[in-house]
Structures are given as structure tokens and as C-alpha cells.
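Chemist: The following comprises the amino acid sequence and a computationally predicted model.
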Amino acid sequence: MINRYDEIESKFGISAYASPHEGFAAVVKARYSDFVVHEVDLNGNIARLESLELPQPKVAKVEAPAETKTNSDAAGESEKKRKISEVADVPNGAKEVKEEEAPKDDWDSRKEDLTKLIGETPAQELVSFLQLAETDSANESKDKDVQKFYALPLISDKQIRRSIHQLIKTPAFNTIARADTHDGKMRIWHLGFQKDMPKDTFWKGNGGGGGNNGGNQRAAKPKRTQWPKDRPDFLNFVLYKENMDTYTAAKDVGRMAHVNPRKGIDYAGMKDKRGITTQFCSVYRMEKEQLLAVNKEVARAKAENAGGGGNTSKGGANIVKVGNFSYSSNEVRLGALSGNRFDIVLRNVDIGDVADDSAKKQLVQQKLETAGKAIMNGGFINYFGMQRFGKFHDTHATGIAVMKGDFEGAIGIIMGEKPDEYPYIAEARKQWANRFEGIDVSKDENAARESEQKCARDVQRKLGRFMNCEKSIVHTLSRKPREYKLAFGSIAKNMRSMFLHAYQSYLWNMVASHRIESGGSTEVRIGDLVLIEDVRSGKGGRNTSGLKGKNVKMVEEQDLKDNTYKITDVVLPLAGSKIRYPGGSAGDLFDELMKKDGICKVDFAKIGNMDREISLIGDYRKLICKPEDVTFEVIAYTDPVQPLLQTDLMKAHGIDITATTLCSSKEQETKPEGNEDDNNDTLFGMTVGFSLPPSAYATIALRELTKRPTSSEYQSKLELSGKCERNI
């Protein structure tokens, strides 16, 4: 039965493997937290959320009150500022700690934190005041002479004042105190007297202290101030998200941090919703404290999800966090990444029937270790994944129709009936398919136009919210019936390009399989194309897309004698008007496939005449993709849905993984024998990590590892416990 799923992929050229190792069954992406992606920038830096806090500020000595300040004090002021001490822990709501977790009577710790900022004497006086006010407010004293706030000595250093406000907002203080500023001096009020605080003295800085916000609301919009001349314009940070796509996460961060909508948040690439991803971002001229409002806002999530990783057996929540702040003169630009680092869980590994159950653990270890080393050393065929061909596997067919100038046929494929859709959408597609019922279109064009216009207006109201292509088509045809080229042109440019790129990908996959099956996956052959120059790769990119700056050479007999090139140098072209095709049978196959589809090579140059916004000049793509920094672990666990990967957020909260590691690529040896296999409920899994260039597919790497289909249809049939493929 598994051959049925292999046949689906084979139709799109995904049929060969690079290495001969035996595969195994395993559940991939059973939970979104099983798929973790860290972006890699052009310099090879991996985006990891390592800190949810601000860099610890430097703290100057507090000035004595003006009336007691002596000349010697003033003379020694510069010396005092040189004796700067570091604040040990003044988080700005960065750590998600419940208020009740900070003991209300831990006055020594509070005094210690205050001393680092304002000195020992003022700290002792402030703590004494708060302790006394605790009693006064509890007794609801109406005595006008009771002290309701403590005025700190004059503090000229703005950063110190900001740090004090931030300290008052931490769990240790925000249940007992609020802060404001009056006549240039900071005042610390006991929470019991908050109603007596003047409304115009609350500190409303970025992520600051008390006031009506009560330490729990999102940051107030900052007042427009002059940007420091010595500070770079861009605040760079790491965006961590769970179960959210990049666009939604960036939009939420902008809303919570009051980012200027016209400037927005910049990022290098889009990351999928179903997974846990970390990427580099930047924002124009924003204080770090203001952006930290995001972490405060999402800190209200349920405690069971606070650790991230969806670390419950009932799924997780949509989570977004920011951290690792730094200022830079350069913003993060779209496309400015060299690839992504993937860490993926494979659950309920099944190597088939094993006669001796006692030997099962050892056999699992051996087979998985062999598979891991195979992909580490040999890589995988750099296929375009099934995602490239759309949910209904017909995007390349639409591209073929467009290449032939058959826009009516292209519209027919897009609007045609599809399997397994909602009934109301299926009905709308059926109505469209029957729009000319009872009309001889070849003889009565007016009747056909009238019928199509009426149908388009009716169907337009029935289409789903996210059916953008279909909605654009029927909207155009409701005004200009039978104008199919115009209707196709109304589709967004990126979507129109997608159909044509799908056909290029189809051709590439078919030729790649032929090249591997006829010439092997380890040796260079005469007629192969090898990439001898990639300008952008030399500037920090890696296997970049786009033809500009690339140069290829056809391998000759002398190259083989000199052993000049390796299989990882071999490329195949994406068909286009400005590329070179390989020699031998691989080049012939391009011609045969195009001829079968009614297309020839010159048609790629003509596409610009049909659509001025699109050109198909072609590109070159590595035949074999060899992942970098490959790691793997074979693990044993008992709960089918327990977390098996420690995410960045779990590390920040000290949440560990409870699975047992049996062997690891890092150690290159197996762990000592344990008694895991004595438990009949023990499940085996694998975590695998690797870095890929932007255009490579992690699902294709997993296909090579497991020797199993990548389709969602296949994965949906697998079981998380027991025999993995029992439904296949």
C-alpha cells in the first residue's frame, strides 16, 4: 500500500535516493513543537532566543540632595561616575514569574536590589518606609500626617532613574509599590496609597514603573523625543514564535509595542505557522524597553504553556517572544539569510517486525545511526518538495497552459472541481463548470458571455475567504466575461509566477531522477554542468537563488582524469531563456518532456510578451544538497506526545526533556545499556538537526533519511504508538 504514496511523488519526479541505507517508518510533525527552525544570517549566525531581558545597565552613584552637596562632592563627581557597578538583576518584566512566586516579606532581597541602584542608606530608608506603610495602609489610616511616599535623593543619571522604575515593576515590588516623579525627584509610593497619587505624575516611559498601568498593561505610547546622535538607527532583535506565521507574529509585535505602522518590522524570510521558529528582525528607532512590552503582554498566557514548546499533552498556545537586543546601522533585509537550521522530531520509529523483542532497542539504534550517518556524509537529492505543486498537485499543469498561451485552459484548471473541499465550495466549483450548460459556445458567443458573467457574479459570493486566485478571476470575468488572459493577469504577480515556477520545478525533478538513476549519486559524469562561479555565494550567500553572478561549465573527459569536480558541484538548470542545458541524456530529457507538454525552449523567452511582469530566464540548482552541521540522537520515551525537543523558551525557563538518549552523533558511541526495553510501553524516536540553504526542503531531507514518502496523505495514516504503519 505504501507504493500508492510513492507513486504520487513519482509523478512529480521524486523517485530516487542518494544513499542505499534501509529506511524506517516514523511520524513527522505530530506536534507543531516537533519542527523547530532557527534562521541563519549571511554571516552564519544562528538566531537563538538566549535572553528575554535587557542588557544589564551600568549604574552611577546617586547624587546627594542639593542642599547637602559640598564642593568636594562636586569635585569628586567624575570619579564617582567612573566607579560604576553592574545591576545584578533589574529585569523589565522579562522573566515570566507569577506574582505569588516573589515572597512578600523578602525585604532583604528587595533592599539588596535597591542598594545596587541608590546606595545603602536610601535603600534602608525606603525599605523601612514600605514596611511601615504596609501597616498604615492595612489599617486604612486616615491620618493626614502619615507618610504615603518616600522621596529619593536627586538622581541626575537618566538610566538609573529608568532602572529604578523597571525594578518597581518586577514581581518583587509591583505588589507593594508604585513610582512617580515630582519636581525632578522620584517618589516611591506604597500601593495602599495609590489612590492619593497625582494623576499627572505617573511615569509613562517605555516599559516603566507604576501608575494606572499597574505593571500589567502594555506599554504606553512613548512621547516623540530626539534620537541620540551616537546611537545606530535600527534595533535588531530575535523573534521567537510558536504556532504562528511570521506575518501574524510581526503584526502582533507591532501592535503590542506601538511600532510605527509605516515603518513596520523588517525580517529576512517568512516562516511557516506549524512549527517553532526563531528569526532575526529589526525595527527603526525604538527603545529596547518599548519592545519588551511584547513579553509582558504574552506573559498572561496560561501557566501550563509558559515554558513554550507546547509542553503539555493537550497541545500548546500561540506564543511570541522577543529578545537578544542590539542596535545596528543596518536593518534586516528581506532575503538576507544563508539558510535555516532545522531540529526535527521523528516519533514512534518502526523498523519492521523483530523476532527477538530483547534485541529491538539495539536494532533500532543501529538502523537509525546508519541512516543519520548516511545523510550526514552523502546528503540528499535536492528535489523540489510536493509543496511546490500545491494542495491539489496541479500548479505545474496551470503553468504548462500559460506557457502555451492557453489562458482559458489555465483558468479552467484553477477553477476546476477539487477533491475533499467544503460542500459550499464544491458546489460553487460545480456551478462554474456548468456555466455554459445548454449553450453552444462555438456558435453563440453572446449567450456564452452573458451566462459566464451571471455565473461569475453568483460564484464570487460563494468562494472561501482565502481563495484569492479564484476570487480575482471571477471578479474580472464578472465585468469582462470570456477575457481569460485578462482574468489570469488579475491574479497577484507572485501567484502567477508560482504556476510557472512549478513547471520549472517539475522538469528539474524529472531530470534529476534520471541523472541519479543513470549516472549515480557519487560521481561526476561527462556532460554534467558544474557551478564554477557564484558571486553572491562569495559575499556570504550559500546556494543562492537567481541567475545573476552564476557561471557554469560542462564537464569534459579531462576534468574526470584530473578529478577536478565533486558531485556536490554538479547543477541542473531550471529551464529558462538564459541558461545552459546539460549534455548527454539529461539534456535530451529536457527536450522530450517539453515536447510531450507541447512546449519548446524558445517559449520561455516569449513569456515576457504574454506577461510583462514575469520573466523566466532560469537558474541553476545543486543536484545534491549536503546538509551542514548534521546532528542526531536516538531516544527512548513513554508518553506518545511528550516534548522531545528543548526549545529556546524551555531553556530560558529551565524546563528539561525527560526522554532517554540511547546514542548520539555528538558522541559517536552508544550510551550504556539501560532497562528501557524492559518496559513494553517504551517508544523509540529520533531527533535530527541540520542546516540547509534557503531553497532546499527539509521534508526532502527527511525522505532520504527514512526512505518514506513526504506527503501529508501518508503521514496522516501513521500512528503515534504501536505499529506505526498499521493503517497503511
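Modeler: Cool, the structure landed.
Chemist: pLDDT weak spots in this structure?
Modeler: 1-3, 54-106, 134-145, 199-224, 297-317, 355, 357-358, 536-545, 667-680 (pLDDT under 70).
Chemist: ok, longest strand in it?
Modeler: With residue count as the measure and DSSP state E as the assignment, the chain has strand 339-350 as its longest strand.
Chemist: helices and strands around that one, which ones?
Modeler: Using 3 or more Cβ pairs under 8 Å, 6 or more residues apart in numbering; DSSP states H and E as the contact criterion, the elements in contact with strand 339-350 are strand 25-28, strand 35-40, strand 683-692, helix 698-706. To be clear about C-beta, it is placed using only N, CA and C from the backbone, and glycine gets the same treatment.
Chemist: let's see 10 Å
Modeler: Under the contact criterion of 3 or more Cβ pairs under 10 Å, 6 or more residues apart in numbering; DSSP states H and E, strand 339-350 touches strand 25-28, strand 35-40, strand 276-284, helix 360-378, strand 628-637, strand 683-692, helix 698-706.
Chemist: what's the closest of these to Asp113?
Modeler: Set against Asp113 and scored by Cβ to Cβ, the helices and strands packed on strand 339-350 come closest in strand 276-284, at 29.8 Å.
Chemist: strands paired with the closest one, and their directions?
Modeler: Each strand that pairs with strand 276-284, with its direction, by DSSP bridges: strand 35-40 (parallel), strand 234-242 (antiparallel), strand 265-267 (antiparallel).
Chemist: between the ones you listed, which one is nearest to Lys595?
Modeler: Closest among those, once you apply Cβ to Cβ, is strand 35-40, at 40.1 Å.
Chemist: and the angle for that closest one with strand 628-637?
Modeler: In terms of direction (axes from the mean of the first three to the mean of the last three Cα atoms, to 10 degrees), strand 35-40 departs from strand 628-637 by 160 degrees.
Chemist: re earlier: any chance of JSON lines for the strands paired with strand 276-284, columns mean neighbour count and distance to Phe24?
Modeler: Supplementary listing: these in JSON lines, determined by neighbours: other Cβ atoms under 10 Å; distance: least, Cβ to Cβ, whole Å:
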{"stretch": "strand 35-40", "mean neighbour count": "24", "distance to Phe24": "19"}
{"stretch": "strand 234-242", "mean neighbour count": "24", "distance to Phe24": "28"}
{"stretch": "strand 265-267", "mean neighbour count": "22", "distance to Phe24": "36"}
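Chemist: which stretch among these comes nearest Glu533?
Modeler: strand 35-40 (22.7 Å).
Chemist: Direction-wise, compare the closest one with strand 339-350 and give the angle.
Modeler: Orientation note: strand 35-40 sits at an angle of 160 degrees relative to strand 339-350 (the same axes, to 10 degrees).
Chemist: Now render the helices and strands packed on strand 339-350 as JSON lines, adding distance to Lys553.
Modeler: Formatted as JSON lines, the helices and strands packed on strand 339-350 follow (distance: least, Cβ to Cβ, whole Å):
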{"stretch": "strand 25-28", "distance to Lys553": "38"}
{"stretch": "strand 35-40", "distance to Lys553": "29"}
{"stretch": "strand 276-284", "distance to Lys553": "35"}
{"stretch": "helix 360-378", "distance to Lys553": "24"}
{"stretch": "strand 628-637", "distance to Lys553": "25"}
{"stretch": "strand 683-692", "distance to Lys553": "25"}
{"stretch": "helix 698-706", "distance to Lys553": "26"}
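Chemist: Indicate which one of those is closest to Leu235.
Modeler: With distances scored as Cβ to Cβ, the stretch of those nearest to Leu235 is strand 276-284 (5.2 Å).
Chemist: immediately after that closest one, which helix or strand?
Modeler: Next along the chain after strand 276-284, taking DSSP states H and E as the criterion, comes helix 288-291.
Chemist: packing partners for that next one?
Modeler: Secondary-structure packing of helix 288-291 (3+ Cβ pairs under 10 Å, 6+ apart): helix 158-168, strand 234-242, helix 246-257, strand 276-284, strand 319-328.
Chemist: 8 Å instead, please
Modeler: Helices and strands in packing contact with helix 288-291 are listed as strand 234-242, helix 246-257, strand 319-328; criterion 3+ Cβ pairs under 8 Å, 6+ apart.
Chemist: any idea how far it is from the chain center?
Modeler: Relative to the chain's own centre, helix 288-291 is displaced by 22 Å; criterion: Cα atoms, centre = their mean, to the nearest Å.
Chemist: What is the neighbour count of Ala359?
Modeler: 12 (other Cβ atoms under 10 Å).
Chemist: Please give the element, helix or strand, for Ser472.
Modeler: Of the helices and strands defined by DSSP H and E, Ser472 is found in helix 468-479.
Chemist: got the CA coordinates for that helix in CSV?
Modeler: Listed next in CSV are the C-alpha coordinates belonging to helix 468-479 (Å, rounded to 0.1, in the frame of the first residue of the first chain):
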residue,chain,number,x,y,z
ASN,A,468,-7.5,34.7,-3.7
CYS,A,469,-6.8,33.4,-7.1
GLU,A,470,-10.3,32.2,-7.7
LYS,A,471,-11.8,35.4,-6.4
SER,A,472,-9.6,37.6,-8.6
ILE,A,473,-10.6,35.5,-11.6
VAL,A,474,-14.4,35.6,-11.2
HIS,A,475,-14.3,39.3,-10.2
THR,A,476,-12.6,40.1,-13.5
LEU,A,477,-14.9,37.8,-15.5
SER,A,478,-18.0,39.3,-13.9
ARG,A,479,-17.0,42.6,-15.6
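Chemist: tell me what it is packed against?
Modeler: Counting contacts by 3+ Cβ pairs under 8 Å, 6+ apart, helix 468-479 packs against helix 407-415, helix 445-460, helix 484-489.
Chemist: would a markdown table of those helices with distance to Thr710 be doable?
Modeler: Listed next are the helices and strands packed on helix 468-479 as a markdown table, based on distance: least, Cβ to Cβ, whole Å:
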| stretch | distance to Thr710 |
| --- | --- |
| helix 407-415 | 23 |
| helix 445-460 | 34 |
| helix 484-489 | 30 |
